[in-house]
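Colleague: Provided below are the primary sequence and the corresponding predicted coordinates.
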Amino acid sequence: MVAAALARNAGAVTVASDPSVVRPYERRGLGAARIVDAIVGFSLAAAILVAPLLVWVHIDRTVQSARLDANAAAVIGAKQAGLDPTVYERVERIVPPHARYWIDASPLVGGAATRDAFMMWASGALLPRIAVSHPRRGDWIVLWGSSPSRRGLHVVGLHVLPIHARSRLPVYVGRLA
Amino acid sequence: MIADVARLLAANALFLVAGVGVRRALARTDWPGLVRGLGLTYLAGLAAFGVVAQLALVAGLSLNLPEACAIAVSLFVAGLLRRPALTPSPPPVFTTSTTAVVAVVMTALGIRSLYEPLASWDAWAFWTPRAQSLVLLNGLDSHFLHAPSTPNPDYPLLLPSIEATVFRFMGHFDTRLIHLQFWLVVVAFLGALVALLRDQVRPAVLRAAVVAIACAPALASNAESAYADVPLGVFVALAGVLGWRWLVLGEESALHLLVVFAAAAAATKVEGRLFVGALFVALAVLAARDSLRRSGRCVAAAAVAGAIGILPWSVWTHVHNVHGAYHADLRGLAGHADRLPPTLATLIGHAVDPLEWLLLVPAALAAVVLAYRFAGERRTPSLATLAFVLSLSFLVATYWATSYVFEAHLRTSADRVVVAPVLLAAALTPVLLEWVLRAEERRAAYS
């Protein structure tokens, strides 16, 4: 079928440099053309065979995703990373927009991936607040798993936010004194 | 949701408007040609808009709605200043059955894009937050990029610029619908391939290539991750095809459009520089066999692509002391020679894995061998081979010299970084096969 299609369509193609070189090819005796047939045929067959499976995967995924409401979908990354996404909303209510904050997570809360995720999720979720690399450069601190006093930081108006994640250690939010 | 989809499509209409100008200005395409090659027009607009948006951000603009519209309209007006050449009407490519396969797969993927949550790590960790920061901080803010919680601050801005423009149109951050943006890129890519090759490749070969690319599972999964790898791969693949048209068919306008896509690739991701570099090296080497002047034109095109695609951003990051976490550890290379075999095996393993890319790379490999053996014309297989091997070599060197934990770096990124080389190879495969068939037909005619 593929070979027939190749031959049928050959005449429709034009060549910019030398139009005379394109002619329907005689299949008999053309080894390379048969290999091209095979390559085209196998590629097409593989694609057509996998297409229903691919469509099924997309539909299945759509059904799963559609079950999530907008809020749940918006925070699924945080949940999968072992975070409590609600904590960022509570932090947003405490730390004013455009403030600078220092954020860190204690090794007690989990592995490096969880600690990294806590800080990376904050970089988007707490915008337009901006994280800083050292407490001295910020106005606020956001700490997960260890209190500011244990870090030698003096804060005013300390908020202790309970969280619902794998680690139950709270998040501490306060303004640096 | 319908209103947000409409707003997203309105933002993309802006990119299309920009593309009309870009194609008329650089490729001298007439109106029928623009309509027939709608996917190519859209992607040319997306690429040019992203590159100019990055320049605007670096210049201190905020990329708000009026500025985004001004960029698109400027690109459109640039196209009106040039008289288009008449483009011949190429033959139709798709039959009902192949159209149905592609349409069903793409429709399913499109519906999935409407509901897909932003769950992939890098997407929520930095690609989308970077776009959100452009909106909420009114442009580039070096403090945000200096933040320890901002990963890869040195990554260029094309994708965040596009996402930020879409978010501006939406009026809020819908992190689900943003996947539709990536779907549009995929669909447009398939159309762009047809537009670029339909006058050179017979429909049966081109159909098979497009269907195979459309059905590759890794294309869908990478697009739905909302990472930059699929847009990057699309830009690199289109740049490759345009490079081929310039090299083999001698189309000067293809070189102009190649510069746009190469600049866009460089402005999309750090690896983009590697792939674009590999492509330009391949083109320059092969063009040098024709004449040094042609090779020089290619080098000049590469310089222009670099100058608009990456240089301003590199200067900005240097001035603001913004650095990425990746550093090539060149002193330790000799001691890390053991990284080479697993790197090569992993990259090639992903590229040839049929569960990820079906038979795209094995077919490309077979097509290259056939073209070398039978096609007579050596520049096409040489271009495909050089560009692919150099791209892969640059990736291997990146992992070899990585300053990250080697195993983790390779495990978490190898499947994504091969997207561009694979799409490049897949885009050139129909050309290779066509050239083999033509050579065979010539032989049959003269025997």
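Modeller: Yes, it's here.
Colleague: and the pLDDT at whichever residue of the stretch 1-150 of chain B sits closest to chain A?
Modeller: Nearest residue of the stretch 1-150 of chain B to chain A (Cβ to the nearest Cβ) works out as B:P129 at 3.1 Å. C-betas here are computed from N, CA, C, even on glycine. B:P129 carries a pLDDT value of 96.
Colleague: touching, it and A:L126? I think so.
Modeller: No. In this structure, B:P129 is not within contact of A:L126 by Cβ atoms under 8 Å, at 9.8 Å.
Colleague: more crowded one of these two?
Modeller: B:P129 (26 against 23; other Cβ atoms under 10 Å in any protein chain shown).
Colleague: please identify which helix or strand holds the more buried one.
Modeller: helix B:128-136 (DSSP states H and E).
Colleague: so where do the strands sit in chain A?
Modeller: Taking DSSP state E to define them, one finds strands in chain A at A:100-105, A:130-131, A:140-144, A:155-161, A:171-176.
Colleague: looking at the chain, which helix is longest?
Modeller: Picked chain A for this. In chain A, assigned by DSSP state H, the helix with the most residues is helix A:31-66.
Colleague: please refer instead to chain B.
Modeller: Using DSSP H to assign secondary structure, the helix with the most residues in chain B is helix B:419-446.
Colleague: now B:L333: phi and psi?
Modeller: Per-residue torsions, B:L333: phi -60, psi -50 (degrees, to the nearest 10).
Colleague: who are the contact partners of the residue of the stretch 251-400 of chain B found nearest chain A?
Modeller: The stretch 251-400 of chain B approaches chain A most closely through B:F374 (4.1 Å), counting by Cβ to the nearest Cβ. The contact partners of B:F374, by Cβ atoms under 8 Å, 6 or more residues apart in numbering or on different chains, come to A:A32, B:V436, B:A439, B:E440.
Colleague: now swap in B:G332 and tell me
Modeller: With Cβ under 8 Å, 6+ apart, B:G332 has these contacts: B:A401.
Colleague: state the pLDDT value of residue 67.
Modeller: By default, I'm working from chain A. 95.
Colleague: ah, I was thinking of chain B
Modeller: 97.
Colleague: buried sites along the helix or strand hosting it?
Modeller: Secondary structure assignment for B:E67, by DSSP H and E: helix B:65-80. Going by neighbour count (16 or more other Cβ atoms under 10 Å in any protein chain shown), the buried part of helix B:65-80 is B:E67, B:A68, B:C69, B:I71, B:A72, B:L75, B:F76, B:A78, B:G79.
Colleague: what does stretch B:321-341 give?
Modeller: For stretch B:321-341, the neighbour count (16+ other Cβ under 10 Å) marks B:V322, B:R339 as buried.
Colleague: quick check: mean pLDDT across that stretch?
Modeller: 86.
Colleague: that one: how far from the chain's middle?
Modeller: Taking Cα atoms, centre = their mean, to the nearest Å, one finds the center of stretch B:321-341 at 26 Å from the center of the full chain.
Colleague: do stretch A:69-89 as well
Modeller: With Cα atoms, centre = their mean, you get 13 Å for stretch A:69-89.
Colleague: and if you look at stretch B:230-242?
Modeller: Offset of stretch B:230-242 from its chain centre (Cα atoms, centre = their mean): 3 Å.
Colleague: kindly report the same for stretch B:215-229.
Modeller: From the chain centre to the centre of stretch B:215-229 is a distance of 13 Å (Cα atoms, centre = their mean).
Colleague: ok, is that stretch in contact with chain A or not?
Modeller: Yes. Using Cβ under 8 Å from any Cβ of the partner chain, we find that stretch B:215-229 touches chain A at B:C215, B:A216, B:P217, B:A220, B:E224.
Colleague: ok, back up a step: now distance to chain A too, for the buried residues of helix B:65-80, in a markdown table please.
Modeller: Output for these, formatted as a markdown table (distance: Cβ to the nearest Cβ, whole Å):
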| residue | distance to chain A |
| --- | --- |
| B:E67 | 19 |
| B:A68 | 19 |
| B:C69 | 24 |
| B:I71 | 24 |
| B:A72 | 26 |
| B:L75 | 28 |
| B:F76 | 29 |
| B:A78 | 27 |
| B:G79 | 24 |
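Colleague: ok, and what's touching stretch B:127-144?
Modeller: A:100, A:120, A:123-124, A:127-128, A:130, A:132, B:57-58, B:60-64, B:118, B:150, B:155, B:157, B:159-164, B:167-168, B:173, B:175, B:178, B:226-228, B:316, B:320-322.
Colleague: how many neighbours does the residue lying closest to B:R176 once chain neighbours are set aside have?
Modeller: Of all residues not flanking B:R176 in the chain, A:A73 sits nearest, at 5.2 Å (Cβ to Cβ, 6 or more residues apart in numbering or on different chains). Counted with other Cβ under 10 Å, the neighbours of A:A73 add up to 20.
Colleague: and residue 76, what does it touch?
Modeller: Assuming you mean chain A. Neighbours of A:I76 in contact, by Cβ under 8 Å, 6+ apart: A:L68, B:P117, B:L118, B:A119.
Colleague: think we crossed wires, I meant chain B
Modeller: B:V17, B:A18, B:V20, B:G21.
Colleague: ok, back up a step: what would the contacts of B:F374 look like in TSV with distance to A:A78, neighbour count and pLDDT?
Modeller: Putting the contacts of B:F374 into TSV (distance: Cβ to Cβ, whole Å; neighbours: other Cβ atoms under 10 Å in any protein chain shown; pLDDT from 0 to 100) gives the following:
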residue	distance to A:A78	neighbour count	pLDDT
A:A32	55	19	88
B:V436	52	29	95
B:A439	57	22	91
B:E440	58	24	89
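Colleague: dump the residues you listed to a markdown table, plus distance to B:V105.
Modeller: Below are the contacts of B:F374 laid out as a markdown table (distance: Cβ to Cβ, whole Å):
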| residue | distance to B:V105 |
| --- | --- |
| A:A32 | 31 |
| B:V436 | 28 |
| B:A439 | 33 |
| B:E440 | 32 |
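Colleague: farthest pair within those?
Modeller: By the measure Cβ to Cβ, A:A32 and B:A439 form the most distant pair in the contacts of B:F374, at 7.4 Å.
Colleague: against B:A218, how distant is B:V418?
Modeller: With distances taken as Cβ to Cβ, to the nearest Å, B:V418 is found 8 Å from B:A218.
Colleague: same thing with A:R67?
Modeller: For A:R67, the distance to B:A218 equals 26 Å [Cβ to Cβ].
Colleague: more neighbours, these two?
Modeller: B:A218 (23 against 10).
Colleague: just want the most central residue of chain A.
Modeller: Closest to where the C-alpha atoms of chain A average out (Cα atoms, centre = their mean) is A:G77, at 7.5 Å.
Colleague: tally of neighbours for the closest residue to it other than its chain neighbours?
Modeller: Excluding the flanking residues, the one nearest A:G77 by Cβ to Cβ, 6+ apart is B:W124, at 3.8 Å. Using other Cβ under 10 Å, B:W124 has 27 neighbouring residues.
Colleague: would you check that B:W124 makes contact with A:A122?
Modeller: No. Between B:W124 and A:A122 there is no contact under Cβ under 8 Å: 11.3 Å.
Colleague: can you pull the contacts of B:D329?
Modeller: For B:D329, the contacting residues are B:H336, B:A401, B:T402, B:S403, by Cβ under 8 Å, 6+ apart.
Colleague: now with 6 Å, please.
Modeller: B:A401, B:S403 (Cβ atoms under 6 Å, 6 or more residues apart in numbering or on different chains).
Colleague: so where's the chain shaky on pLDDT?
Modeller: Since no chain was named, I'll use chain A. Residue ranges of chain A with pLDDT under 70: A:1-30.
Colleague: you answered for a different chain; I wanted chain B.
Modeller: Using pLDDT under 70, chain B drops low at B:86, B:91-94.
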